[in-house]
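1. My questions are about this predicted structure, shown below with the sequence.
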Amino acid sequence: MNVLALISYKVFPAQMGGQKGIAQFYEYLSQLDNVVIVASKNNQLSDIPFPKKYNNLFPQGKGLLNILKLFFVVKLIRRENIDVIIIEHSYWGWYGYLLHLLTHKPFIIHSHNIEAERFKIQHRKYWKIYVRYEKWVHQLCNHNFFKCEEDAAYAVQNWNLNPYKITLIRYGTDVQTPPTDTEKKAARNQLLQQLNLPATTCLLLFNGTLNYAPNVEVLIEITDTIIPILRKNKFNFCIFICGKMLPDAWLQKFMLYPEIRYLGFVENITAINAGVDALILPGSMATGIKTKLVEALAQNTTVITTHSGARGIPQNFAQTKLILVPDNDPVAFANRVLQYNHSTDNTPNSFYNEFYWGNIAQQAHTVLENLHGTYH
């Protein structure tokens, strides 16, 4: 299969969860199909790790100007004998539809969340307009990839999409088996030594883009409710907070909490995930899938989160490694952390089977073949 991937914003080099979700998806899909990347100009060509790559499109925000690039993309589709077009996110779905009309090639929207809901959470003024656009463009495309059951159900109910035109393409991991006990202990000891912490300390982690509304909600609950309760119960703990774009006001606030160790952006978040006792995600604002949960579970680390926070990770796949707490109840969340008992259960094989990128890519490849057969 010859696949054209249209990427509307900076993804390469992939650092954050959403970026890795695109880069790694095509990395594994390219082992099965010929992938041609056409990305926005803010991606350096040298950072795009694919042999066939272009970075001459106008980025998100100036996307309408890509009408000027239409002849180039149509010519590329014909030259590379493209079978299927994939649009990352719905932003350029309209462009995919134009390409479909001009080339008669099927196009897929690879949705990472319900964008209008995300814009609503962020208080973007245009979110109501995007509600209509998002519905319209998903109805136009020939197939839809969603990250989780919740988003797919939303699309069926609110956009009247045919379930047969929907496939779950999850955010994945390149890990196929849990790290060994020895590897886990070594990662934990490294953190204890690096930060000079007692061996009995319960190591907790929260990471994300720290000016994003759902993550700000988490920071508020951690500092205002969870830490005071853990202190009151003389719980010996340390919370690592990792991520970019922390507002200065929060940096000042963290100084009031010696239990918090702010590590900034950590390039090798895998080592932190492997060494902590649990990833915590007390927030209840939710769209798409929380990529941080997948990364933690892949490292055999327990996740404590809310029912909304666990979107996209059915408990039957994660089993006892995923501890759920009711939404909007940070007191109950703090009490659940107090009950944490360093479970020796491993992340089950069912998780790795479902979330391994190789299996996800194979599933996508099958859809592409079927779609090509329909439109060929």
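-> Here it is on my side, so go on. Residues are numbered from 1 along each chain as shown.
2. So which residue is smack in the middle of this structure?
-> Per C-alpha atoms, centre = their mean, the C-alpha nearest to the average position across the chain is that of residue 291, at 3.7 Å.
3. My guess is it contacts residue 170. True?
-> No: counting by C-beta atoms under 8 Å, residue 291 does not reach residue 170; the two are 10.0 Å apart. The way it works is simple: take the backbone N, C-alpha and C, and place the C-beta from them, glycine included.
4. So what's the residue count around residue 61?
-> For residue 61, the neighbour count with other C-beta atoms under 10 Å is 11.
5. do the same with residue 75
-> As a burial measure, residue 75 scores 10 neighbours (other C-beta under 10 Å).
6. Any buried residues in the helix or strand where it lies, and which?
-> When elements are assigned from DSSP states H and E, residue 75 belongs to helix 70-79. Judged by neighbour count (16 or more other C-beta atoms under 10 Å), helix 70-79 contains these buried residues: 73, 74, 76, 77.
7. Identify the residues contacting the third one.
-> By C-beta atoms under 8 Å, 6 or more residues apart in numbering, the contact set of residue 76 is 4, 36, 38, 54, 82.
8. how about these in CSV, adding pLDDT?
-> Below are these laid out as CSV (pLDDT from 0 to 100):
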residue, pLDDT
4, 98
36, 98
38, 98
54, 97
82, 97
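9. which of those tops the neighbour count?
-> Counting neighbours by other C-beta under 10 Å, the top entry in these is residue 4, with 25 neighbours.
10. Which residue, neighbours along the chain excluded, lies closest to residue 313?
-> Nearest residue to residue 313, sequence neighbours excluded (C-beta to C-beta, 6 or more residues apart in numbering): residue 293, at 5.6 Å.
11. Now for the buried residues of helix 70-79: which two are most distant?
-> 74 and 76 (7.2 Å; C-beta to C-beta).
12. what about the residue nearest to residue 313, helix or strand, and which?
-> helix 291-298.
13. Distance from that helix to the middle of the chain?
-> Its chain's C-alpha centre and that of helix 291-298 lie 9 Å apart, by C-alpha atoms, centre = their mean, to the nearest Å.
14. Likewise for stretch 268-282?
-> With C-alpha atoms, centre = their mean, you get 16 Å for stretch 268-282.
15. what pairs with residue 108 across the strands?
-> Bridge pairing for residue 108 (DSSP bridges) gives the partners residue 86, residue 143.
16. Can you show me the strands along this structure?
-> Using DSSP state E, the strands of the chain run over 2-7, 34-40, 53-57, 84-88, 107-110, 143-146, 166-168, 202-207, 237-242, 260-264, 278-281, 302-306, 322-325.
17. can you point me to the longest helix in the chain?
-> When the chain is parsed with DSSP state H, its longest helix is helix 357-375.
18. Can you list the helices and strands that that one packs against?
-> helix 17-29, strand 84-88, strand 107-110, strand 143-146, strand 166-168 (3 or more C-beta pairs under 8 Å, 6 or more residues apart in numbering; DSSP states H and E).
19. Low-confidence stretches in the chain?
-> Within the chain, the segments meeting pLDDT under 70 span 286, 343, 376.
20. about what we covered before: which of the contacts of residue 76 are the two that sit furthest away from each other?
-> Maximum distance among these (C-beta to C-beta): 12.8 Å, for 54 and 82.
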